[in-house]
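**Student:** Okay, here's the prediction I keep looking at, along with the sequence it came from:
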Amino acid sequence: MSRPLGNLARDESTPTGKLVDAALDGPGEPARCHVVRVFGSLDVGGAERRTVELLPLLAEAGVVLHFVTLSGRAGVLAPTVERMGATVHPLPLDLRFPIRFLRLLRRLEAQVVHSDVSTFSGVLVLLAALGGVRVRIAHFRSDGDGRPSTARRRIQRWVMRRLISIFATDVVGVSPGALSNAYRPSWEADPRCRVIPNGIDLGRLARPGDFDLRASLGAAPGEVICLHVGRPAPEKRRWIVSQAVAALAGSGRACRAVLVGARDAEDEARVLGAAEAGGVAALVHLLGAREDVGDLMRQADVVVLPSDREGLPGVVLEALAVGTAVVASDLPGVRFIAQQLPGVTVVARDAPPSAWAEAIHRALHPARQRDPEAAARALRASVFTLEAAASAHLAMYRRCAPGGRHEETAAPACAA
């Protein structure tokens, strides 16, 4: 299967136990490395969940993690993070933030600052450089920040990218598209840039459930179950799932839509409004947030992702890992996954509902014989494992140790 070119950080199926060995200075306990990671908040989202899943492997290898949240609140995942041994420091963005952040870095004796806040990472790596932090990472998780490209916003992005190009020691994207679209198209010419795909926790997906999806919906044998998993955010465009079900029903294909994600009155009104307009209100089911996503995906016929913007959609990887077909928007991150793993059907972002319905039909026809074990093996052999992601993170973090390979001056930047 073809692999994309570029600086793709990959570890060939590194066993978990070897991660600790890779982080050792020598015989004995893992060398301690104090890392400060920066998020807006630790709420439920793809980047946050993937980071939480990495924590046990990083902690085993000697990484001491502190999270700074720029919203000023910890977030709903903060208790989980703290149970894993990390610490959360809410620091609101105000006039006092730079001083408070620098004081925190000094107090924690931070050796790594790892920022996950898109182009605003420019400010964080600048402050980290002023604070003498050795390793400064700007991590791009999406194809863009989702904000309007006003003149002021374009200038701000240029300034922030310039700060990253000067002060970051590492520039990371979850996919080639995240670097091309959110950082710069010429990223491959910059030796500090690399792709580190998110890893998928196969153990979590494999947990058995006791929820019979078809029975709970009252679905008849042969009815297609279209599943969407994601936040009720505008860029997820969840209402398109309702429109696709209506188009399928209009073509004589019996189907139901199941949407899993946090409850939001405005988004749900749009989803249900689209269902009512298509005459399929009784066929669209909102289940709210769930922890048994792997089990639901195994029971669904197809996972549908009509997003307008993603970085590396974990939902697509999770579905493929359990052997469920995926129909998704034609986004760079989706294409990147499709180059590595089979089972993805892409649809143009501006396609009408009938095109989504046709793509779902193609994904299911002819009927596929599911092989979850083969799907899990394919995931383990890909670049999307937790172990590969952890090893790539540790390769960056290890440079904080005395004698670690590191250039104190950032590598020459690409032209802004």
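**Tutor:** Sure thing, it's come through.
**Student:** Where do the strands of the stretch 151-300 of the chain begin and end?
**Tutor:** Assigned by DSSP state E, counting those that start in this stretch, the strands in the stretch 151-300 of the chain fall at 170-173, 193-195, 224-229, 255-260, 284-288.
**Student:** and the ones you listed as CSV, adding distance to E48?
**Tutor:** To be clear about C-beta, it is placed using only N, CA and C from the backbone, and glycine gets the same treatment. CSV is the format used below for these (distance: least, Cβ to Cβ, whole Å):
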stretch, distance to E48
strand 170-173, 16
strand 193-195, 20
strand 224-229, 15
strand 255-260, 17
strand 284-288, 18
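**Student:** Would you mind splitting the chain into its domains for me?
**Tutor:** 16-199+385-400, 203-380 (automatic domain parsing).
**Student:** Find out how far the first one is from the centre of the chain, if you would.
**Tutor:** For domain 16-199+385-400, the separation from the chain centroid amounts to 13 Å (computed by Cα atoms, centre = their mean, to the nearest Å).
**Student:** before we move on, what about the last one?
**Tutor:** Mean-position distance between domain 203-380 and its chain equals 17 Å (Cα atoms, centre = their mean).
**Student:** how far does it stretch from start to finish?
**Tutor:** Start and end residues of domain 203-380 are separated by 12 Å (Cα to Cα, to the nearest Å).
**Student:** pLDDT on it, on average?
**Tutor:** In this model, domain 203-380 carries a mean pLDDT of 94.
**Student:** want to throw the domains of the chain into JSON lines with mean neighbour count?
**Tutor:** Converted to JSON lines, the domains of the chain look like this (neighbours: other Cβ atoms under 10 Å):
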{"stretch": "domain 16-199+385-400", "mean neighbour count": "19"}
{"stretch": "domain 203-380", "mean neighbour count": "19"}
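**Student:** Compute the first-to-last residue distance for stretch 378-386.
**Tutor:** Using Cα to Cα, the end-to-end distance of stretch 378-386 comes out at 14 Å.
**Student:** hmm, who's touching that stretch?
**Tutor:** 8, 10, 13, 53-54, 57, 197-202, 317, 320-321, 337, 340-342 (Cβ atoms under 8 Å, 6 or more residues apart in numbering).
**Student:** show me where the stretch 301-416 of the chain has helices.
**Tutor:** In the stretch 301-416 of the chain, the helices defined using DSSP state H, counting those that start in this stretch lie at 314-321, 332-340, 353-364, 372-380, 386-397.
**Student:** CSV please, covering these and showing distance to R136.
**Tutor:** Converted to CSV, those look like this (distance: least, Cβ to Cβ, whole Å):
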stretch, distance to R136
helix 314-321, 26
helix 332-340, 25
helix 353-364, 42
helix 372-380, 32
helix 386-397, 10
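**Student:** Select, out of those helices, the one closest to R107.
**Tutor:** helix 386-397 (19.5 Å; Cβ to Cβ).
**Student:** The closest one versus helix 372-380: what angle between them?
**Tutor:** Angle, helix 386-397 to helix 372-380, by axes from the mean of the first three to the mean of the last three Cα atoms, to 10 degrees: 10 degrees.
**Student:** quick check: mean pLDDT across helix 386-397?
**Tutor:** 96.
**Student:** Which helix runs longest in this structure?
**Tutor:** helix 151-167 (DSSP state H).
**Student:** sorry, back to before: nearest to Q369, out of the strands of the stretch 151-300 of the chain?
**Tutor:** strand 224-229 (16.5 Å).
**Student:** Direction included, what does the closest one pair against?
**Tutor:** Strand 224-229 sits in its sheet next to strand 255-260 (parallel), strand 302-305 (parallel), going by DSSP bridges.
**Student:** Of the ones you listed, give the one that comes closest to V159.
**Tutor:** Of all the strands paired with strand 224-229, the one in closest proximity to V159, counting by Cβ to Cβ, is strand 302-305 (33.0 Å).
**Student:** Name the residues that touch that closest one?
**Tutor:** Contacts for strand 302-305 (Cβ under 8 Å, 6+ apart): 224-230, 241, 244, 257, 297, 313, 315-316, 319, 324-329, 334, 356, 360, 363-364.
**Student:** ok, now stretch 276-292?
**Tutor:** 44, 207, 209, 211, 217, 241-243, 245-247, 249-250, 255-263, 268, 271-272, 275, 296, 353.
**Student:** can you check stretch 65-80 too?
**Tutor:** Outside stretch 65-80, the residues touching it (Cβ under 8 Å, 6+ apart) are 34-44, 48-49, 52, 55, 58-59, 81, 85-93, 97, 101, 104, 108, 110, 117, 120.
**Student:** Kindly report the same for stretch 148-163.
**Tutor:** For stretch 148-163, using Cβ under 8 Å, 6+ apart, the contacting residues are 119-123, 125-126, 145, 147, 183-184, 416.
**Student:** Have a look at these and tell me the least confident one.
**Tutor:** A416 (32).
**Student:** where's the residue in the chain sticking out farthest from the centre relative to L57, distance?
**Tutor:** No residue in the chain sits farther from the centre than G252, which is 35.7 Å out by Cα atoms, centre = their mean. For G252, the distance to L57 (Cβ to Cβ, to the nearest Å) stands at 49 Å.
**Student:** for M84, same thing?
**Tutor:** 11 Å.
**Student:** can you check G72 too?
**Tutor:** In terms of Cβ to Cβ, G72 sits 29 Å off from L57.
**Student:** got it, and A277?
**Tutor:** Taking Cβ to Cβ, one finds A277 at 47 Å from L57.
**Student:** Same check on G333?
**Tutor:** G333 is 23 Å from L57, by Cβ to Cβ.
**Student:** ok, now D295?
**Tutor:** From D295 to L57 the distance is 24 Å (Cβ to Cβ).
**Student:** ditto for V63
**Tutor:** Distance from V63 to L57, by Cβ to Cβ: 9 Å.
**Student:** OK, contacts around A233?
**Tutor:** Counting by Cβ under 8 Å, 6+ apart, A233 touches D267.
**Student:** Show me the strands in the stretch 1-150 of the chain, by range?
**Tutor:** Taking DSSP E, counting those that start in this stretch as the criterion, the stretch 1-150 of the chain carries its strands at 33-39, 63-69, 87-90, 112-115, 135-140.
**Student:** tell me the angle the last one makes with helix 151-167.
**Tutor:** Relative orientation of strand 135-140 with respect to helix 151-167: 140 degrees, computed using the same axes, to 10 degrees.
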